[in-house]
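> This is a predicted model, with the sequence first.
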Number of protein chains: 4
Amino acid sequence: MSANWGKNITVSIFGESHGVALGINIGGFPSGFSVDLEKIKKDMARRAPGQSELTTSRKEPDEFEILSGFFEGKTTGSPLAIIIRNTNQRSKDYSVLKDVLRPGHADYSGKMRYSDNNDYRGSGHFSGRITAPLVFAGSLAKQLLESKGIFIGTHIKSIGNIEGRGLTLKEINNDLLKNLQNMDFPTLKDNNSELMKNAIVEAKSMEDSIGGVIEVAVNGVKAGIGNPFFDSIESRLSSMMFSVPAVKGIEFGAGFDIAKMLGSEANDEIYLENGEIKTETNNNGGIIGGISTGMPIVFRLAIKPPASIGKEQKTVNFVTKEETKLKVEGRHDPCIVPRAMVVVEAAVALTILDFLMEKKEL
Amino acid sequence: MSANWGKNITVSIFGESHGVALGINIGGFPSGFSVDLEKIKKDMARRAPGQSELTTSRKEPDEFEILSGFFEGKTTGSPLAIIIRNTNQRSKDYSVLKDVLRPGHADYSGKMRYSDNNDYRGSGHFSGRITAPLVFAGSLAKQLLESKGIFIGTHIKSIGNIEGRGLTLKEINNDLLKNLQNMDFPTLKDNNSELMKNAIVEAKSMEDSIGGVIEVAVNGVKAGIGNPFFDSIESRLSSMMFSVPAVKGIEFGAGFDIAKMLGSEANDEIYLENGEIKTETNNNGGIIGGISTGMPIVFRLAIKPPASIGKEQKTVNFVTKEETKLKVEGRHDPCIVPRAMVVVEAAVALTILDFLMEKKEL
Amino acid sequence: MSANWGKNITVSIFGESHGVALGINIGGFPSGFSVDLEKIKKDMARRAPGQSELTTSRKEPDEFEILSGFFEGKTTGSPLAIIIRNTNQRSKDYSVLKDVLRPGHADYSGKMRYSDNNDYRGSGHFSGRITAPLVFAGSLAKQLLESKGIFIGTHIKSIGNIEGRGLTLKEINNDLLKNLQNMDFPTLKDNNSELMKNAIVEAKSMEDSIGGVIEVAVNGVKAGIGNPFFDSIESRLSSMMFSVPAVKGIEFGAGFDIAKMLGSEANDEIYLENGEIKTETNNNGGIIGGISTGMPIVFRLAIKPPASIGKEQKTVNFVTKEETKLKVEGRHDPCIVPRAMVVVEAAVALTILDFLMEKKEL
Amino acid sequence: MSANWGKNITVSIFGESHGVALGINIGGFPSGFSVDLEKIKKDMARRAPGQSELTTSRKEPDEFEILSGFFEGKTTGSPLAIIIRNTNQRSKDYSVLKDVLRPGHADYSGKMRYSDNNDYRGSGHFSGRITAPLVFAGSLAKQLLESKGIFIGTHIKSIGNIEGRGLTLKEINNDLLKNLQNMDFPTLKDNNSELMKNAIVEAKSMEDSIGGVIEVAVNGVKAGIGNPFFDSIESRLSSMMFSVPAVKGIEFGAGFDIAKMLGSEANDEIYLENGEIKTETNNNGGIIGGISTGMPIVFRLAIKPPASIGKEQKTVNFVTKEETKLKVEGRHDPCIVPRAMVVVEAAVALTILDFLMEKKEL
């Protein structure tokens, strides 16, 4: 089941970092939608490596080839599949890693899961590279959502110990979210952007890596989308978010801070604005009882530092069962946050679209 | 789909707080398992209200009736269904709430989702009372897991601003986890237990409510369980956890703190202990690449303060579209954390069992 | 997974013939639908035994109790669960059958599947009695479909060697289909009704049983519902039909006879009728490429003779592994066709409703 | 959902007859299985057109490229994806068909389903060509099943009015089934093979087409596989079979003939053979209560004549809404039965493998 996701919109992914190609098959996408391929290419470029000193120097063009489901500039309604060929593989880099387990990587858990048959070059199917085709699918979904007035934005809330502020309820609007999509290093104004960048450069200079927190806002989802319990918006969104490599935590609205509040603080008091029902705060992050409240959907993701670092670490050889030490050579991302943001946008877009495709009544 | 969950083990839930009965149908449970019903009753009692001054004074015995799938003391392998009849309903309490939206509750989102046809008494199907049958199913799953050496424990890490410490890697063992299941107010030793209780009592005295953080540990899951991406352990566990009402955040291992770390700190260095591959830290919470590492699975949940409070709050009448004020009358839980712990255990047990039922090879 | 079915409308079933109760949980049904419970009771009575000399003399009132999801005469949109208590169990009849395998029954396959832990009284969970709650759900679905102009009818096409004619394309209309639902022994006019009844009575007199063929027509499904390949109408309908005990074959449109045709005969030629696109024949049974053509959906089901017969048969004792002989004592149905028809209607209604709930575009 | 299939083994398909490429993504396949690619190529060739005068003269080499999930000759356990590029497209043949509906094809239902956005060249995604990647997946599954002693065979039971006999219970064995896989025109000995071929040649000479019946046998499935009701073997097998284009009927064991039998004839009497429980007949086709009995699984499929014929037929122009006539030009299959057999084998193999992957107990 691991390869497939979704109920109304489905995706099926495949590929390894050093295999022939990665790809995705998108099922259930409505027919007749005119696609702006340039916008998708722009999103793919946001994820692609080698863009700045803040990311790996590896160059992967990530050019996609559409194989099906797309005809005369529009979706046909049939499965829409794309592939991205791997072109910049350096398999020789990895032969040493066949047996030595990289700390923080899925080497050990993967070997135990697949009886040591995983492709050991790069991270095989565990590679973050699998998110490239996901960005294609999500970027497509985003275009459809935007045509319905729904916008998704992400900003960097923190890098390492450099904390920025979160979005305030009042400032969330479509223009802000769109602007964030266009920024090289998307942060809120006066939000320690330079300090964050410095922290990344510093980690890189130490042959180390660094983590961060991404905040996400979705604007324009009407009240009444979602379900209680097993198909709550939080359930499906979190499930999808933890499919994105390096995510280790998610919190909606006030999140872990809500646990420190009294009910009278945490409850979002309700008022009327031009006849519309709104809340004065948004501690619930736009979701109560698993269902949208009409307020922006807001959540944050904890992103761990990339596991591949040049610093020496203690580890074990899986085959010889001996303790050893390892420096992971190669061109690594010192921080995955900047490249992860468009992946998160994509994953959110697919999830929200899947919810909107639920027909509640006949 | 909201009613159903699971792939190999399935559950289907139903019921409203003031309807005739709540229940659950469990499919795919292995046949021939001897069930200790007394242990299940004990778990049901841990969730039931009216146990102490820390919970609501409402009494609900939550007696279950097994309808199918159970014969001569054992599971038959066929769907195992139970119901719990509602006996302590006071529907008159709720008639005033037909149109006035309670802040923090799913009243507004629910009315928009179900075209105002939800049962407005109590919280209808949104009631936390739905977790009673879930505890039955999870308690059953827990017995099966324990027979395979897998134990689940939860403790209260914080209540409001009263913070306790988390579990250390070294102290996690089956005995500790079992002890936690037997405590009235499960906290780690010297962990501010009395201060936490006081905070709850104080919130109650103010006709207010308070939140907290629950930490969960699962011991005994071997390395190699789970999947990358869409069916990762984090994906399915978080999906299930957000099905539990009041959960607003989840973090695995070091969680949001991992975002502050360098890779050299976050990566769990690997060593050998009696020939077994282990890690010196567990910042990844026992899961890397969506797959178990053999280390304990550890995560924390943010639990929001109960939305029902006696304090006056601003709100809106859904029908007349007028602003108004509301005190939610009745017998409320000042803090749901103590009762939620066994619900969390149950939900975790079902999820882990579902993973163990995946056959990886022929 | 065996307990649960459906994508947009879901059902979860439970129960054994001699257990406490049978039931069903219906998820995803639209909210606010006013239900005519009397109509459902009438459908339940059509399935219930003891109605005539053509069925078993066992009396089971099959009274249902609604537990949830239904409030003030309408569906709430939340899971709608019912139970039917078993009241006429004679468990003593069955003790002899604990180990002796009844030919034609699931005794052997079931013991191998569930490690001999199935409830051996009656047929346990394999009992046709499970279809009682399914009729509740399907009857509810039928009401909703009828409010949208979609009608389902079934007639007896053959009993044993007594063959009747099938529905002609011209005669299918809503009135005919509704009339069939109201008949005690639904057959087309001048269609050997009395000979069919005699064949059943004769089988009964020989302590034997007899099979037959049911033809089904669904009128009013517009063109463009369904999907190619894995979610074709034929795929999902057949999957559901083979869930009905005793069904051993299904054929759509001309069915097995289409295999004898030339393409020029089998292809349904297309013409215009008052501007609407129609076909002159309906050899494809209203479905091409897995998608509805707007013509009536027509198919036939092969129903095997009930396995429980008084005649002596050769068999084996599962425990002693000895060959033996068996007469199945008790009150049996000589032919299940008459009682199965409303079950088939119900199962069809759920499937068609599930398809209609698919939202094709935003 | 249409693109994806399966529970434990999953496949996701894409492609159109005249698009860039077709493909399939296989998820959940066990890791470490050594694949014989030559055997898969042989199966692909059995499905490929242009093999003899009995099939279309179109040549499509159907060469596959493995993109992922396959490393050093073995499956890795990660999603295994392949693509097949379209090379012999003659799009100009089809431009006339943009608006004129071909009788028997999914042109009308497809246009209504996808708002007229389907790729009109060939049959777009409705093309039988999609079965090429399915054969890859099924051929892989077949290799794994064979390594576990499970063999699948198909033979031609009838072409048009030329009827052959079915398999007898006694003659079914692995050698027979393997031999059938190696025959150009797989029929049982002395089973009117030449008459069947003549019927195809004759249909072709008339610019017409012809249907037939395929019989399938699966040997080696142990008793106790499958489930009652919604996940019965019949349910899942039929669902998969109706995903194969041109299938209009399926019957298990005695099938529609069982409806003519008395219970004493239809029930398969049970006996012991070398201590093993067997039945003297196999009217239930190896499945009772949805679960395997250990006897061979036997069923038959009605295959309709190909819809594309050179003969003139009446039809309608979808856009101008005018009645017209149509000869479908091009190189057509006069009978799809010979090419469909390996597709059926493949689809059966995937379904049986999916069932075997269900873990019944811990």
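Received the coordinates, thanks.

> close to chain B, is stretch A:233-253?
Yes - residues of stretch A:233-253 contacting chain B under CB under 8 Å from any CB of the partner chain: A:234-236, A:238-243, A:245, A:247-253. Every C-beta, even on glycine, is put in place using the N, C-alpha and C of the backbone.

> typed the wrong thing, it's stretch A:183-192
No - using CB under 8 Å from any CB, stretch A:183-192 stays clear of chain B, coming no nearer than 14.0 Å.

> Between its first and last residues, what's the separation in that stretch?
Taking CA to CA, to the nearest Å, stretch A:183-192 runs 15 Å from one end to the other.

> Contacts made by that stretch with the rest, please.
Around stretch A:183-192, the neighbours that count as contacts under CB atoms under 8 Å, 6 or more residues apart in numbering or on different chains are A:51-52, A:54, A:153-156, A:162-165, A:167, A:180, A:193, A:196-197, A:338, A:341.

> cutoff 6 Å now
With CB atoms under 6 Å, 6 or more residues apart in numbering or on different chains as the test, stretch A:183-192 has contacts from A:155, A:156, A:162, A:164, A:180, A:193.

> Give me the buried stretch members for it, please.
A:185, A:186, A:187, A:188, A:191, A:192 (16 or more other CB atoms under 10 Å in any protein chain shown).

> Check those for the minimum pLDDT and say which it is.
When it comes to pLDDT, residue A:191 is the least confident member of those, at 88.

> Redo the contacts of stretch A:183-192 as TSV? Include neighbour count, distance to chain C and pLDDT.
Formatted as TSV, those follow (neighbours: other CB atoms under 10 Å in any protein chain shown; distance: CB to the nearest CB, whole Å; pLDDT from 0 to 100):
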residue	neighbour count	distance to chain C	pLDDT
A:155	25	27	98
A:156	28	31	98
A:162	21	40	97
A:164	20	34	95
A:180	23	24	97
A:193	19	36	95
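
> among these, which are in strands?
A:155, A:156, A:162 (DSSP state E).

> is the longest helix along chain A up against chain D anywhere?
Secondary structure of chain A per DSSP state H: the longest helix is helix A:337-356. No - judged by CB under 6 Å from any CB of the partner chain, helix A:337-356 makes no contact with chain D; its nearest approach is 11.2 Å.

> pLDDT averaged over that helix, what's the number?
With pLDDT averaged residue by residue, helix A:337-356 scores 97.

> re earlier: filter the residues of stretch A:233-253 next to chain B down to the ones close to chain C.
When CB under 6 Å from any CB is applied, no member of those is adjacent to chain C.

> Inside helices: which ones of the residues you listed?
Filtering the residues of stretch A:233-253 next to chain B for helices - DSSP H - leaves A:234, A:235, A:236, A:238, A:239, A:240, A:241.

> Check what contacts the longest helix of chain A and list those residues.
Everything outside helix A:337-356 that qualifies as a contact, by CB under 6 Å, 6+ apart, is A:6-9, A:43, A:46-47, A:54-55, A:131, A:134-135, A:138-139, A:141-142, A:145, A:152, A:154, A:156, A:212, A:214, A:225-226, A:236-237, A:240, A:244, A:303, C:362.

> Out of the residues you listed, which end up buried?
When neighbours are counted using 16+ other CB under 10 Å, the contacts of helix A:337-356 contain these buried positions: A:6-9, A:43, A:46-47, A:54-55, A:131, A:134-135, A:138-139, A:141-142, A:145, A:152, A:154, A:156, A:212, A:214, A:225-226, A:236-237, A:240, A:244, A:303.

> now, which of those lie within strands?
The strands, defined by DSSP E, take in A:152, A:154, A:156, A:212, A:214, A:303 from the buried ones among the contacts of helix A:337-356.

> Need those residues in JSON lines (columns: distance to residue D:36).
As requested, those are arranged in JSON lines below (distance: CB to CB, whole Å):
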{"residue": "A:152", "distance to residue D:36": "47"}
{"residue": "A:154", "distance to residue D:36": "47"}
{"residue": "A:156", "distance to residue D:36": "51"}
{"residue": "A:212", "distance to residue D:36": "48"}
{"residue": "A:214", "distance to residue D:36": "46"}
{"residue": "A:303", "distance to residue D:36": "43"}
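
> Output those of the residues you listed also counted as contacts of chain B.
Of the residues in these, proximity to chain B by CB under 6 Å from any CB holds for A:212, A:303.

> which one among the contacts of stretch A:183-192 gets closest to residue C:290?
residue A:180 (42.3 Å; CB to CB).

> I'd assumed residue A:153 was in contact with the closest one.
Yes - contact status for residue A:180 versus residue A:153: in contact at 4.1 Å, counting by CB atoms under 6 Å.

> Overlap in contacts, these two.
In terms of CB under 6 Å, 6+ apart, residue A:180 and residue A:153 are not both contacted by any residue.

> can you give me how far stretch A:50-57 is from the chain middle?
Stretch A:50-57 sits 18 Å away from the centroid of its parent chain (CA atoms, centre = their mean, to the nearest Å).

> how about that stretch: buried residues?
If you call a residue buried by 16+ other CB under 10 Å, then stretch A:50-57 has these buried ones: A:54, A:55, A:56.

> can you list the residues that contact it?
Outside stretch A:50-57, the residues within contact range by CB under 6 Å, 6+ apart are A:49, A:58, A:59, A:200, A:331, A:332, A:333, A:338, A:339.

> same thing but at 7 Å, please
Here stretch A:50-57 makes contact (CB atoms under 7 Å, 6 or more residues apart in numbering or on different chains) with A:49, A:58-59, A:184, A:197, A:200-201, A:331-333, A:335, A:338-339.

> Need the CA coordinates for that stretch. PDB is fine.
Extracted in PDB, the C-alpha atoms of stretch A:50-57 (Å, rounded to 0.1, in the frame of the first residue of the first chain):
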ATOM      1  CA  GLY A  50      21.800  23.200  -6.600                       C
ATOM      2  CA  GLN A  51      19.900  26.500  -6.500                       C
ATOM      3  CA  SER A  52      22.000  28.300  -3.900                       C
ATOM      4  CA  GLU A  53      24.700  28.000  -1.400                       C
ATOM      5  CA  LEU A  54      22.000  26.900   1.100                       C
ATOM      6  CA  THR A  55      21.400  23.700  -0.700                       C
ATOM      7  CA  THR A  56      23.500  20.800  -2.100                       C
ATOM      8  CA  SER A  57      25.700  21.600  -5.000                       C
END
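
> per-residue confidence averaged over that stretch?
The predicted model assigns stretch A:50-57 a mean pLDDT of 77.

> Same check on stretch A:275-289?
Averaging pLDDT along stretch A:275-289 yields 97.

> Also stretch A:17-30?
Within the predicted structure, the mean pLDDT of stretch A:17-30 is 96.

> swap in stretch A:294-312?
On average, the pLDDT along stretch A:294-312 is 97.

> What are the buried residues along that stretch?
Buried positions in stretch A:294-312, judged by neighbour count with 16+ other CB under 10 Å: A:294-310.

> and if you look at stretch A:211-222?
Of the residues in stretch A:211-222, those with enough neighbours to count as buried (16+ other CB under 10 Å) are A:211, A:212, A:213, A:214, A:215, A:216, A:217, A:218, A:219, A:220, A:221.

> Over to stretch A:200-209?
A:200, A:203, A:204, A:206, A:207, A:208, A:209.

> Can you give the distance of that stretch from its chain's centre?
Offset of stretch A:200-209 from its chain centre (CA atoms, centre = their mean): 22 Å.

> residues making contact with that stretch?
The contact list for stretch A:200-209 (CB under 7 Å, 6+ apart) reads A:53-54, A:159, A:210, A:305-306, A:309-311, A:332, A:334-335, B:262-264.

> do stretch A:104-117 as well
Outside of stretch A:104-117, the residues that reach it under the criterion CB under 7 Å, 6+ apart are A:101, A:118, A:123, A:126, A:307, A:318, B:223-224, B:263, B:266-268, B:277, B:288-289, B:291-293, D:31-32, D:74-77.

> same thing with stretch A:128-137?
Contacts of stretch A:128-137 from elsewhere in the structure, counted by CB under 7 Å, 6+ apart, are A:11, A:13, A:15, A:17, A:22-24, A:26, A:40, A:43-44, A:47, A:62, A:64, A:82, A:84, A:244-245, A:336, A:342-343, A:346-347, A:350, B:229.
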